[in-house]
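**Student:** how would this look folded up:
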Amino acid sequence: MTFCRRMAAVALLLALPLMQLSAYGLYSWYGYEGKSYNYLKKRNESSRKRLMESYESMISKQKGDRAVVPPGVYADYGWMLIQDGSKERGKEMLRKEMELYPESSVFINRVLKRFEEDEKKN
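**Tutor:** Coordinates of the predicted model:
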């Protein structure tokens with residue numbers, strides 16, 4: 001029994017360095033947490049600009065293990081683009097969110113439907 005435990009311990013010790021190979025984690029966030037908090041706290045143009053730059057970095061330079069944009073980023077970025085008047089680009093980002101994370105389609109389809117209804121009214 002002790003031989004088996006020793007072998008298991010040796011196997012674990014040999015496997016540990018392999019578990020630590022990733023330098024980035026699942027996603028690269030590019031300071032999103034702080035910029036998002038700052039934007040929600042201040043709600044001014046400079047904090048909004050920094051948050052948008054963070055979204056652009058996460059989308060264009062993703063270095064995480066999955067090499068995909070984190071969940072919700074396309075949706076948040078798309079919504080902000082729509083608010084800024086870049087409606088088509090914003091809708092494109094919302095659709096990318098649904099492609100990458102199909103579970104978000106229930107919510108995003110509602111947002112797109114409501115947005116299109118509002119466009120028809122105007």
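
**Student:** Over to the most centrally placed residue in the chain: give its phi and psi.
**Tutor:** Closest to where the C-alpha atoms of the chain average out (Cα atoms, centre = their mean) is Pro70, at 2.5 Å. Per-residue torsions, Pro70: phi -60, psi 150 (degrees, to the nearest 10).

**Student:** Excluding chain neighbours, what is closest to it?
**Tutor:** In space, and not counting its chain neighbours, Pro70 is closest to Tyr27: 4.1 Å by Cβ to Cβ, 6 or more residues apart in numbering. Heads up, the C-betas are built off the backbone N, CA and C, glycines and all.

**Student:** Quick check: the residue nearest to the centre of the chain vs Lys113, distance?
**Tutor:** 25 Å (Cβ to Cβ, to the nearest Å).

**Student:** got a list of what Trp79 touches?
**Tutor:** By Cβ atoms under 8 Å, 6 or more residues apart in numbering, the contact set of Trp79 is Gly90, Leu94, Val111.

**Student:** can you rerun that using 10 Å?
**Tutor:** Gly90, Met93, Leu94, Glu97, Ile108, Val111, Phe115 (Cβ atoms under 10 Å, 6 or more residues apart in numbering).

**Student:** Angles on the backbone of it, please.
**Tutor:** According to degrees, to the nearest 10, Trp79 has phi -60, psi -40.

**Student:** cool, and Val68?
**Tutor:** Per degrees, to the nearest 10, the backbone of Val68 is at phi -130, psi 160.

**Student:** That one reaches Glu97, doesn't it?
**Tutor:** No - with contact defined as Cβ atoms under 10 Å, Val68 does not reach Glu97; the gap is 11.1 Å.

**Student:** Comparing those two, which shows the higher neighbour count?
**Tutor:** Glu97 (24 against 15; other Cβ atoms under 10 Å).

**Student:** which residue packs closest to that one, ignoring adjacent ones?
**Tutor:** Using Cβ to Cβ, 6+ apart, the closest residue to Glu97 is Tyr74 (3.7 Å).

**Student:** Run a quick neighbour tally on that neighbour.
**Tutor:** Neighbourhood size, Tyr74 [other Cβ under 10 Å]: 27.
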